[in-house]
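Trainee: Predicted model follows, preceded by the sequence.
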Amino acid sequence: MPVFAKGSSGNPKGRPKVFADVQEYARKKTKANIDRIVALAEGAEDDNVRLRASIALHEIAWGKPVQHVSGTGPQGEFVVKWMG
């Protein structure tokens with residue numbers, strides 16, 4: 001992993017403008033996309049589609065569940081991290 005001098009950044013120009021444009025566009029479509037997910041969760045014929053849409057709605061509302069990952073560190077010590 002690269003180490004940067006104090007006060008310097010590994011990404012001095014920040015995020016590219018194109019990413020910001022795409023993000024802004026996607027955010028404008030949020031309401032329509034949620035409406036579509038609700039329609040799928042409530043009315044899709046395929047059980048898998050309804051389940052995945054329901055999970056998507058839950059994660060939008062409450063976030064993804066926190067998971068813990070355990071293992072050993074560089075000196076063999078036990079390490080637990082929570083990832084969410």
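Mentor: That came in fine, so what should we check first?
Trainee: Helix or strand: which one has K81?
Mentor: According to DSSP states H and E, K81 maps onto strand 78-83.
Trainee: how distant is that strand from the center of its chain?
Mentor: Mean-position distance between strand 78-83 and its chain equals 19 Å (CA atoms, centre = their mean, to the nearest Å).
Trainee: Sketch out the low-pLDDT regions of the chain for me.
Mentor: Applying pLDDT under 70 to the chain flags residues 1-2, 83-84.
Trainee: element containing V69, please.
Mentor: strand 67-72.
Trainee: Now do that strand: which elements does it pack against?
Mentor: strand 78-83 (3 or more CB pairs under 8 Å, 6 or more residues apart in numbering; DSSP states H and E). From N, CA and C alone the C-beta is placed, and that goes for glycine too.
Trainee: just the CA coordinates of the strand it packs on, formatted as PDB?
Mentor: The C-alpha atoms that make up strand 78-83 are tabulated as PDB, following Å, rounded to 0.1, in the frame of the first residue of the first chain:
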ATOM      1  CA  PHE A  78      -6.700 -12.800  16.500                       C
ATOM      2  CA  VAL A  79      -8.400  -9.900  14.700                       C
ATOM      3  CA  VAL A  80     -12.100  -9.100  14.400                       C
ATOM      4  CA  LYS A  81     -13.300  -6.400  12.100                       C
ATOM      5  CA  TRP A  82     -16.900  -5.200  11.500                       C
ATOM      6  CA  MET A  83     -17.700  -4.300   7.900                       C
END
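Trainee: quick one, it and strand 67-72 angle?
Mentor: 160 degrees (axes from the mean of the first three to the mean of the last three CA atoms, to 10 degrees).
Trainee: which SSE is A5 in?
Mentor: With DSSP H and E as criterion, A5 is part of no helix or strand.
Trainee: residue nearest the centroid of the protein?
Mentor: Closest to where the C-alpha atoms of the chain average out (CA atoms, centre = their mean) is K64, at 8.0 Å.
Trainee: Y25 versus that one, what's the distance?
Mentor: Distance of K64 to Y25, computed by CB to CB, to the nearest Å: 24 Å.
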